[in-house]
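Enquirer: got a predicted structure plus its sequence, pasted below:
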Amino acid sequence: MNELATKNDLSPAELRTREQLVATVKDGLKTFMLVGAALTRLRDERLYRNTHATFEKFCQSEFGMTRGNAYRLIRSVDVVQSLDAEALGVSEPKKEYHARLLSVIEDPAKRSVAWSEAVSLAGTSKVGSRHVKQAITKITEATNQAAIEMASIFNASARLEARFVEFARPCKEADDVKTRFGKLLERLEFYCRTVEPMGSEASK
């Protein structure tokens, strides 16, 4: 008898589950969500253990699938499940490649905003890869710009604090301080417009 089978026998229920999941992967290769979800359960519940030492070897033997392909599908499912598509009033990605593109954005809230933007860019047409890429670029640039603005805010605050310590009484520098406060407020308003909506989504 196979040594693995002796050490890691599956229960009848586990065997039935394994057979169902394997069939899903083999028959549903065009539906990446079903395939990815099946692979996730096969891996997490170790339903390969009675015949294979590792999940990677199981995928190669059973499906002719490399480790990279298996984990890419699992990751894509995680990405889609992280999207707050229903709240944004859009449908979920139907193509695995779109989910793979969105995976470059680590923050689920910003990822959701990017997908919503891609759907908006597509309009009445089907969402294409170019729409997703354009949306990702827009969100990434906005995030980078916000980081730059935040650095400017902290720097300006430090300079203003130093000026108030130095000029705690009315003096000719008062107008300069007022001007700097005005610029600081402009930066704060920009921050609120660009970053706060994404942050508020993440906190929900």
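Expert: In hand now; what should we look at?
Enquirer: chain neighbours aside, what residue packs nearest to Pro108?
Expert: Among residues not flanking Pro108 along the chain, Ser82 sits closest, at 4.1 Å (CB to CB, 6 or more residues apart in numbering). Every C-beta, even on glycine, is put in place using the N, C-alpha and C of the backbone.
Enquirer: what do you get for Val22?
Expert: That would be Glu62: by CB to CB, 6+ apart, it lies 6.2 Å from Val22.
Enquirer: what do you get for Tyr48?
Expert: Leaving aside its chain neighbours, Tyr48 sits nearest to Phe58 (3.6 Å; criterion: CB to CB, 6+ apart).
Enquirer: for that neighbour, what is the enclosing helix or strand?
Expert: helix 55-63 (DSSP states H and E).
Enquirer: and if you look at Gln81?
Expert: Per DSSP H and E: helix 67-82 holds Gln81.
Enquirer: now the helix or strand following that helix: buried residues?
Expert: Downstream of helix 67-82, the next assigned helix or strand under DSSP H and E is helix 85-88. Buried residues in helix 85-88, counted by 16 or more other CB atoms under 10 Å: 85, 88.
Enquirer: would you mind pulling the contact partners of helix 85-88?
Expert: Helix 85-88 has contacts (CB atoms under 8 Å, 6 or more residues apart in numbering) with 91-92, 112-113, 115-116.
Enquirer: which parts of the helix holding Phe58 are buried?
Expert: 55-56, 58-60, 62-63.
Enquirer: who touches Leu10 in this structure?
Expert: Contacts of Leu10 (CB under 8 Å, 6+ apart): 18, 47, 49-50.
Enquirer: next step: the residues you listed restricted to helices.
Expert: Using DSSP state H, Arg18 are the members of the contacts of Leu10 that sit in helices.
Enquirer: which of the contacts of Leu10 fall within strands?
Expert: Among the contacts of Leu10, none falls in strands (DSSP state E).
Enquirer: ok, the contacts of Leu10 vs Lys26, which is closest?
Expert: Arg18 (12.3 Å; CB to CB).
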